[in-house]
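A.B. asks: Here's a sequence, model it:
(2 chains)
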Amino acid sequence: MTRKRAAAGSVYSGGPVDQKIVTHTLAVLVDNQPGILSRVVGMFAGRGYNIESLTVAEVDAKANISRITVVTTGTPMIIEQIKNQLGRLIPVHKVSDLTAEGPHVERELLLVKIAGHGEHRVESLRIADIFRARVVDSTTESFVFEVTGSSEKLSAFINLMEPLGLVEVSRTGVVAISRGAGAIMKRGEAD
Amino acid sequence: MAADRTAHKKPAQERLTGAEIVIRALVDQGVDTVFGYPGGAVLPIYDALFKQNALRHVLVRHEQGAVHAAEGYARSTGRVGVVLVTSGPGATNAVTGLTDALMDSIPIVCLTGQVPTHLIGNDAFQEADTTGITRPCTKHNYLVKDVNRMARTLHEAFYVARSGRPGPVVVDIPKDTQFAEGLYEGPTDVRHRTYRPQTEGDPALIEKAVEMIAAAKRPIFYCGGGVINAGPEAAQLLGQFVRMTGFPCTLTLMGLGAFPASDPLFLGMLGMHGTFQANWAMHDADVMINIGARFDDRVTGKISAFSPHSKKIHVDIDPSSINKNVPVQLGIVGDCKVVLKQLIEAWKRKKLGADGKALKEWWKQIDQWRARDCLSYRNSDKIIKPQYAIQRLYALTREMDPCITTEVGQHQMWAAQFFGFEKPNRWMTSGGLGTMGYGLPAAIGAQMANPGKLVIDIAGEASILMNIQELSTAVQYRLPVKVFIINNQWMGMVRQWQELLHGARYSESYTEALPDFVKLAEAFGCSGLRAQKPAEMDDVIKKMVATDGPVVVDVRVDKTENCFPMIPSGAAHNEMLLGPADEAKKPVSEEGMVLV
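C.D. replies: You can find the predicted model right below:
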């Protein structure tokens, strides 16, 4: 993918003409305080950056720290801007670019509801088995499946389930962590 | 025994009401002046203010004026400006000022009242989601729901406002928290949990930078408001370093005063209405040393044609400023003062020197550009040219080392072009946001901070009407600010753009009915003066300076004068228009029309 300039020579189109659009996964460690998510999301919206996926939860109760995982796209210059803009929010402890910093694991959790009778029910169970999905709720006319995996795997599962009576989808968005022994930040410490 | 025991006891932390804590924290932060406007949700704080003498309160006439006044105070002293306003409309009226301070990196702490905690979210009277509204227009903001966090939050607000790249911070204080009693804590040196801006430049990058600087053949220093924000010492160091190298230096609108205007190495301001020599030198440079400027679009013009052959060094305390608009070869995160010290140290230690021969050639070229005398205009003995009015103002007041504020528009650009600044903290203008109505309240703030100084607001007749009510404030506090109105009856810059870009269709840029500014001044209790002929100019300026108290001068100038030189939007530095003759030859491109 490339970004063409809307108007050649516009003072608002930074950088070389055809810069590649890249996708990066960022882990942002923040103070768990009211309004912090709004600050992060507002920064993206206000500056016109993309959010492909966003997850947030407290990860260190002792140090009062939440972790925001955000998947974003843009030119390399924009990605650098996003990291700097995040870093400059006062309650942000650390911004880690998992994509740039080395190998990492990305996972997402999906819940899908299939409603129907007969062949479709059997077929959906068969596919669920292939995807190592678990049945977490079952009635005579419905199943709820739980799947974890990469976003691509989840999307593939949804596509296969679509003709089999899929009525509702809920997915968490990506969570990610680096491979190996290193950690972004010491647990229990605000530093 | 009993007496002994109490003697060994630690002194109990003081219990104060939230409102008293506010006052105490401000005093402990060294604040002497607060600009504000009372209302229901801040009455307890105003009550506490009434019972003390350490803080002066300046009652403005509109909350926007309070923030601009605090900006003028901050910009002229380097200290944090403080604002106190009520909830709801008090806070929303302050938003323009806060945004202005954010864009120009001015340290402000703005205290806003809020409805009592239990009413928040109930659409109570004068309730507004102040932290929500001000989130994108402040550096940071706080809502204090617990009186025991009040002192710490206020001290933190001051730390955040003045540290790193300065900016406005809002502290929203619900009324019940102002009444409640809690413990007061003084300021401490505890490191902030998360916010610790880097002030020292990476030594390895400093080494690289001085090597690049020494190797330059066509160098230029391009410096901005960051040097001013780093304090007067930073400006001194900049002067020292520029003179050590013998390189030319240009300044942004926000940077004027960071390098002496009278220095032969100074090329004048750069950018859209900058000088011919500054913009051409930027365009043809091979090494650009940007210290505390942010590659604003008013400076760069067309990005793809911006200084195409130069290697760029960028020193900025805000990492997000580096590589935001213009990719640079060497980005150094750090405070301008500290980095300049490091650069000078490395330059001396390595015994580096500029390439004298190349530099001589470069100056020869620059002198040719200078010879174009780009700021010249055709003067008249019948009608006052706006440039002439400002030139005379400069000539007759420069010895007094005045503080100058401006509104926004043509007069602002002429002031930047024709008024020379030798020192920092003398020039206050709304650069990033371009806020009409900035100048008068900013002058009031600067005058509060500098009682003996001559403070002049160079204004336009349209801008001044946006905060004209503050004349009443100036009169109340006997602040002898001088309002020098360049009156052409047009929103001059709008008219100029309509002439250049919209086929001279002057849509709504002419003010049919203007007040009589002399009578208006008198109605407020100020003195009013008027100049209508070039021959009167000097006498009127002298009279303005000699008159005690606030003075409004209505200078009736040529109505059709345009501000040149100009880089039309969408054009490059080497495509400047020098005057009306150029304007006809080089019509602005369609792509330029869509830009602001």
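A.B. asks: And B:Ala504, how close does it get to chain A?
C.D. replies: From B:Ala504 across to chain A, the span is 24 Å (C-beta to the nearest C-beta, to the nearest Å). No exception for glycine: its C-beta is placed from N, CA and C like everyone else's.
A.B. asks: tell me the contacts of B:Met288?
C.D. replies: B:Pro219, B:Ile220, B:Tyr222, B:Met282, B:Ser307, B:Ser310, B:Lys311, B:Lys312, B:Ile313 (C-beta atoms under 8 Å, 6 or more residues apart in numbering or on different chains).
A.B. asks: The same query, at a cut-off of 6 Å, please.
C.D. replies: B:Ile220, B:Tyr222, B:Ser307, B:Ser310, B:Lys312 (C-beta atoms under 6 Å, 6 or more residues apart in numbering or on different chains).
A.B. asks: Filter those residues down to the ones in strands?
C.D. replies: B:Ile220, B:Tyr222, B:Lys312 (DSSP state E).
A.B. asks: which residues does the residue lying closest to the first one once chain neighbours are set aside contact?
C.D. replies: Same thing as B:Ile220. Spatial nearest neighbour of B:Ile220, chain neighbours left out: B:Ala285 (4.4 Å); criterion: C-beta to C-beta, 6 or more residues apart in numbering or on different chains. If you count contacts by C-beta under 6 Å, 6+ apart, B:Ala285 has them with B:Arg218, B:Ile220, B:Ser307, B:Ser310.
A.B. asks: so how far is B:Thr250 from B:Ala285?
C.D. replies: Distance, B:Ala285 to B:Thr250, using C-beta to C-beta, to the nearest Å: 10 Å.
A.B. asks: Could I get the CA-only coordinates of stretch B:508-523 as PDB?
C.D. replies: Only the C-alpha atoms of stretch B:508-523 are listed here, as PDB (Å, rounded to 0.1, in the frame of the first residue of the first chain):
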ATOM      1  CA  GLU B 508     -17.000  40.600   4.600                       C
ATOM      2  CA  SER B 509     -13.500  41.900   5.200                       C
ATOM      3  CA  TYR B 510     -14.500  45.600   5.400                       C
ATOM      4  CA  THR B 511     -15.800  47.100   8.600                       C
ATOM      5  CA  GLU B 512     -18.500  49.500   7.700                       C
ATOM      6  CA  ALA B 513     -19.000  50.800  11.200                       C
ATOM      7  CA  LEU B 514     -16.100  51.400  13.400                       C
ATOM      8  CA  PRO B 515     -16.100  53.100  16.800                       C
ATOM      9  CA  ASP B 516     -14.400  56.400  17.200                       C
ATOM     10  CA  PHE B 517     -11.300  55.000  18.900                       C
ATOM     11  CA  VAL B 518     -10.400  58.300  20.600                       C
ATOM     12  CA  LYS B 519     -13.900  58.700  22.100                       C
ATOM     13  CA  LEU B 520     -13.900  55.000  23.000                       C
ATOM     14  CA  ALA B 521     -10.600  55.400  24.800                       C
ATOM     15  CA  GLU B 522     -12.100  58.300  26.700                       C
ATOM     16  CA  ALA B 523     -15.200  56.400  27.600                       C
END
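A.B. asks: Report the buried residues of it.
C.D. replies: B:Ser509, B:Phe517, B:Val518, B:Leu520, B:Ala521 (16 or more other C-beta atoms under 10 Å in any protein chain shown).
A.B. asks: Quickly list what the nearest residue to A:Pro76 once chain neighbours are set aside is bridged to.
C.D. replies: Leaving aside its sequence neighbours, A:Pro76 sits nearest to A:Val22 (C-beta to C-beta, 6+ apart; 6.2 Å). Listed by DSSP bridges, the beta-bridge partners for A:Val22 are A:Gly74.
A.B. asks: How many residues are close by the residue of chain A found nearest chain B?
C.D. replies: Closest approach of chain A to chain B (C-beta to the nearest C-beta) occurs at A:Asn84, with a separation of 3.5 Å. Neighbours of A:Asn84 under the rule other C-beta atoms under 10 Å in any protein chain shown: 18.
A.B. asks: do the same with B:Phe276
C.D. replies: B:Phe276 has 22 nearby residues by other C-beta under 10 Å.
A.B. asks: Quick one: which of the contacts of B:Met288 is the most crowded by neighbours?
C.D. replies: B:Tyr222 (30 neighbours).
A.B. asks: hang on, that residue packs against B:Val287?
C.D. replies: No. Using C-beta atoms under 6 Å, B:Tyr222 makes no contact with B:Val287, being 10.7 Å away.
A.B. asks: how does chain A divide into domains?
C.D. replies: Domain ranges of chain A: A:14-102, A:105-175, per automatic domain parsing.
A.B. asks: Could you give the separation of the longest one from the chain centroid?
C.D. replies: Right, the one you point to is domain A:14-102. 11 Å (C-alpha atoms, centre = their mean, to the nearest Å).
A.B. asks: Not counting sequence-adjacent ones, nearest residue to residue 132?
C.D. replies: Just going to use chain A. Nearest to A:Arg132 is A:Val147, by C-beta to C-beta, 6+ apart, at 7.4 Å.
A.B. asks: wrong chain, I was asking about chain B
C.D. replies: Nearest to B:Gly132 is A:Ser38, by C-beta to C-beta, 6+ apart, at 7.3 Å.
A.B. asks: Around chain A, pick out the residues from chain B.
C.D. replies: B:135-136, B:140, B:160, B:193-195, B:297, B:302-304, B:319-320, B:323-325, B:591 (C-beta under 6 Å from any C-beta of the partner chain).
A.B. asks: of those residues, buried ones?
C.D. replies: B:135-136, B:140, B:160, B:194-195, B:297, B:302-304, B:319-320, B:323-325, B:591.
A.B. asks: on that earlier part again, what helix or strand is the residue nearest to A:Arg132 located in?
C.D. replies: strand A:142-149 (DSSP states H and E).
A.B. asks: got a list of contacts for stretch B:438-453?
C.D. replies: B:33, B:65, B:68-73, B:76-77, B:403, B:405-407, B:428, B:430, B:455, B:457, B:459, B:467, B:470, B:473-474, B:479, B:481.
A.B. asks: Tell me the one among the buried ones among the residues of chain B next to chain A nearest to B:Ile485.
C.D. replies: In terms of C-beta to C-beta, no member of these lies closer to B:Ile485 than B:Asp297, at 28.8 Å.
A.B. asks: ok, now which ones touch B:Ala101?
C.D. replies: B:Glu71, B:Ile108, B:Pro168.
A.B. asks: Which of the helices and strands in chain B ranks last by mean pLDDT?
C.D. replies: helix B:2-8 (a mean of 43; mean pLDDT, DSSP states H and E).
A.B. asks: Residue of chain B closest to chain A, please.
C.D. replies: Closest point on chain B to chain A, by C-beta to the nearest C-beta, is B:Ser320, at 3.5 Å.
A.B. asks: So that residue: helix, strand or coil?
C.D. replies: Classification of B:Ser320 by DSSP: H, G, I helix; E, B strand; the rest coil places it in helix.
A.B. asks: Same question for B:Thr112.
C.D. replies: Under three-state DSSP, B:Thr112 comes out as strand.
A.B. asks: any idea how far the spatially closest residue to B:Asn467 that is not a sequence neighbour lies from B:Gly39?
C.D. replies: The spatially closest residue to B:Asn467, leaving aside those adjacent along the chain, is B:Gly437, at 3.8 Å (C-beta to C-beta, 6+ apart). For B:Gly437, the distance to B:Gly39 (C-beta to C-beta) stands at 21 Å.
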